[in-house]
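Q: Pasting a predicted model and its sequence here:
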Amino acid sequence: MFEVIVVGGGPAGLSAALTLGRAHRRVLVLDSGHARNAPAAAVHNFFTRDGVPPADLRAIGRDQLMMYPTVEVRDGAATGVARGDRGFIVQLADGTKVDTKRLLLASGLVDQLPDITGIAELWGRAVFHCPYCHGFESSQRPIAVIGGEPDRIRLALHLSRFSADVVLCTNGPADVPPSAAQAMSAAGVTVRRERITGFEAAGDKLHALAFQDGPALPCEVAFVSSTWTQRSPLPGLLGCATFSDCTVQVDEFHRTSVPGVYAAGDMARRATIPVPLAAVVAAAASGTVAGSVLDQDLVSVDFRLPNPFTAQEK
């Protein structure tokens, strides 16, 4: 029996496995091979690893786990889960079943993109969602921000610090408050309200946005808002409480509503955080915290000691 099974081989899962391996815990990491940031050319805002391709970062993490003999990494997805006598029984895609005392879900999210022709081919290369991940590389380039919601207006104003050529493309009628319109005018942000018909590109190079009416808008970068779904079926199968955006509810110790099940990375968030944090370094940090709390949870079980996190004990 494993002490912890980590479902997900991304930054959160690998970081948790590293923490647990250093604590001599017997850990199994299940890596489906699907990463949310796989289309991106590089990871940013990760101290000492700024600009490293996502696949290279994962490879470094997996290589470093090899020195910890109690940690095993398997390629493959977890497809099912059930309660066992001493914890959980996880079913793998190949039909194998493995037992564990505790579960850490770190399987991540899947982005659902706006229905605009050509967006999928440019996602992570010229079409982005996060100014902290990709804003700097967009500096001094013509930028289109898609959508007319308040957060899109805010983003367009934010990006006016990066480029003098920012256009808010509302993709149809939008209610822009006078105060916002005045702020955009002062910042040099213009507005296009026509319906967008698609992205004009050559390979992964964006050239323009096409509209139902009016001329195309030359641009090299576009920022859009995506929605999310859980990559793994396990949160639903376990009955983990979720928010309306499908992210799993956790407390400050990364415990879910299901005893013995933890969650880390962008698939989970606390109620005080309005959106899941997409930064790789944030995912890695959450994995470290979850791994430490899991280890202390097991110390309490091993030696019949009080749980040190009694303030939020479930």
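A: On my side now, so go ahead.
Q: Check for me that Thr197 belongs to a strand.
A: Yes. Remark: Thr197 belongs to a strand, assigned using DSSP: H, G, I helix; E, B strand; the rest coil.
Q: change the start of the numbering to 34 and stick with it
A: All right, first residue 34 from here; so that's Thr230.
Q: Quick check: closest non-adjacent residue to it.
A: The spatially closest residue to Thr230, leaving aside those adjacent along the chain, is Ala243, at 4.7 Å (CB to CB, 6 or more residues apart in numbering). Bear in mind the C-beta positions are built from the backbone N, C-alpha and C, glycine included.
Q: If you count residues, where's the longest strand of this protein?
A: strand 130-138 (DSSP state E).
Q: Please work out the average pLDDT along it.
A: Mean per-residue pLDDT for strand 130-138: 98.
Q: swap in stretch 95-114?
A: The average pLDDT for stretch 95-114 rounds to 98.
Q: Over to stretch 219-231?
A: pLDDT averaged over stretch 219-231 gives 98.
Q: From the chain's centroid, how far away is it?
A: Centroid displacement of stretch 219-231 relative to its chain, using CA atoms, centre = their mean, to the nearest Å, is 28 Å.
Q: Please apply the same query to stretch 233-240.
A: Offset of stretch 233-240 from its chain centre (CA atoms, centre = their mean): 25 Å.
Q: Can you give me the end-to-end span of that stretch?
A: 6 Å (CA to CA, to the nearest Å).
Q: who's in contact with that stretch?
A: 151, 154-155, 158-160, 232, 241-243, 249, 251-255 (CB atoms under 8 Å, 6 or more residues apart in numbering).
Q: re the thing from before, just list what the longest strand of the chain packs against, helices and strands only.
A: strand 35-40, strand 121-125, helix 267-271, strand 294-296, helix 313-336 (3 or more CB pairs under 8 Å, 6 or more residues apart in numbering; DSSP states H and E).
Q: Mind checking these for the one nearest to Ala73?
A: The closest of those to Ala73 is helix 313-336. By CB to CB, the value is 9.5 Å.
Q: Which parts of the closest one count as buried, going by neighbours?
A: 313-320, 322-331 (16 or more other CB atoms under 10 Å).
Q: All the helices of this structure, residue numbers only.
A: With helices called from DSSP state H, the chain shows them at 44-55, 87-98, 152-155, 164-167, 183-192, 211-220, 267-271, 313-336.
Q: Could I get the buried residue list for the third one?
A: Going back to what we said before, that points to helix 152-155. 152, 155.
Q: so how many other residues sit close to Ser65?
A: Residue neighbour count, defined by other CB atoms under 10 Å, stands at 19 for Ser65.
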